[in-house]
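Novice: Sequence plus the predicted model coming up.
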Amino acid sequence: RVLLTYGMETMNKLLKLRVLIIGMKGIGIEAAKNLILAGPGSVTICDDEVVTFSDLGTNFFLSEQDIGKTTCAKASLSALKSLNPHVTVSLHTGNIT
């Protein structure tokens, strides 16, 4: 279905695309979701902030059980991976250099 929408040339470019998204709140999580559904080759997410109560309103993959226990990126990783099994979704921790 995606092939018919984008065309062969665009789909080939999309499959080669590697994306880094920094920040898993608001626009970051929405962009990650939409990109993964579109089907790039890989998406790497990065957000080392520990989940707080206020994050629950900005990231729909977070739950109260995540508060204070994990980072926004780690808590979102499995849900993002489940969106499209053909996309490699990975986690980057630490500094971006």
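Specialist: All right, it came through fine. These figures come from a predicted structure and were not determined experimentally.

Novice: how about low-confidence regions in this protein?
Specialist: Residues of the chain meeting the criterion pLDDT under 70: 1-6.

Novice: all strands for it, in order.
Specialist: 18-22, 42-46, 88-91 (DSSP state E).

Novice: in the second one, what's buried?
Specialist: Neighbour-count burial for strand 42-46 flags 43-46 (criterion: 16 or more other CB atoms under 10 Å). The way it works is simple: take the backbone N, C-alpha and C, and place the C-beta from them, glycine included.

Novice: Check the residues you listed and tell me the two furthest apart.
Specialist: Val43 and Cys46 (10.7 Å; CB to CB).

Novice: which residue is nearest the centroid of the chain?
Specialist: Ala32 (3.6 Å; CA atoms, centre = their mean).

Novice: which non-adjacent residue is nearest it?
Specialist: Once flanking residues are discounted, Ala32 sits nearest to Ile21: 5.0 Å by CB to CB, 6 or more residues apart in numbering.

Novice: what does Gly94 give?
Specialist: In this structure, Gly94 finds its nearest non-sequential neighbour in Asp48, 7.2 Å apart by CB to CB, 6+ apart.

Novice: Please work out which residues outside stretch 60-80 touch it.
Specialist: With CB atoms under 8 Å, 6 or more residues apart in numbering as the test, stretch 60-80 has contacts from 24-25, 29, 32-33, 36, 43, 45-53, 55-56, 59, 89, 91-93.

Novice: Just the buried ones out of the residues you listed, please.
Specialist: Neighbour-count burial (16+ other CB under 10 Å) is assigned, among the contacts of stretch 60-80, to 24-25, 29, 32-33, 36, 43, 45-47, 51, 55, 59, 89, 91.

Novice: Next, the distance between the ends of stretch 21-35.
Specialist: Counting by CA to CA, to the nearest Å, you get 10 Å between the two ends of stretch 21-35.

Novice: Please renumber the chain so that the first residue is 730 from this point on.
Specialist: Sure thing, new numbering starts at 730, so read that last one as stretch 750-764.
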